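> Quick one, structure for this:
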Amino acid sequence: MSNEFDYFGDPRSGKLFDLVLQLSTELHVTRQRLRVVEALLVRRDVLGAGDVDGFAPEKDEQQLLDSERDALLIRLMRILTEDGPAEHPLRDQWEAALRGKSG
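Residues are numbered from 1 along each chain as shown. From the prediction side, this is the model:
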């Protein structure tokens, strides 16, 4: 990281800020693309306008949505509450994921 843009006086804070900006950019791009896909589906009469917003999941679909949401929140909360070196959040999960890809 260049000192030219060191607004926080701490390179770790700058890296965190860079990470948040990168994630925000990715989220924005994903949301825009999702809106385009929805608009195209409406134009082609695959979906009606507002169908996505009015979606009412069935029981099994709702369970899947809930479990995915809960898993995300658990991962985020673990980063905030875990003990150990801050430089390595979720290190065990990261290493397990890498082992799973190579194995």
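> Retrieve the pLDDT associated with the residue located most distally from the centre of the chain.
For the chain, the residue at maximal distance from the C-alpha centroid (Cα atoms, centre = their mean) is residue 45, at 30.1 Å. We have a pLDDT of 96 for residue 45.
> What helix or strand is it located in?
Per DSSP states H and E, residue 45 falls between elements, in no helix or strand.
> now that we're looking at it, how far away is residue 66 from it?
Using Cβ to Cβ, to the nearest Å, residue 45 is found at 31 Å from residue 66. (C-beta placed from N, C-alpha, C; glycine too.)
> cool, and residue 97?
From residue 97 across to residue 66, the span is 23 Å (Cβ to Cβ).
> Run through this protein and note the low-pLDDT ranges.
1-6, 82-91, 94, 101-103 (pLDDT under 70).
> Pop the domain breakdown of it in here.
As given by automatic domain parsing, the domain ranges for the chain are 1-55, 56-103.
> Quick one: distance of the first one to the chain centre.
In this view, domain 1-55 has its centroid 9 Å away from the chain centroid, taken as Cα atoms, centre = their mean, to the nearest Å.
> same deal with the shortest one?
What separates the centre of domain 56-103 from the centre of its chain is 11 Å, taken as Cα atoms, centre = their mean.
> Please enumerate the helices of this protein.
11-43, 59-81, 91-102 (DSSP state H).
> Residue 51 is nearest to which of the ones you listed?
Ranking the helices of the chain by their distance to residue 51 (criterion: Cβ to Cβ) puts helix 11-43 first, at 7.8 Å.
> Please spell out which residues along that closest one are buried.
14, 38 (16 or more other Cβ atoms under 10 Å).
> With stretch 73-84 instead?
Buried, per 16+ other Cβ under 10 Å, within stretch 73-84: nothing.
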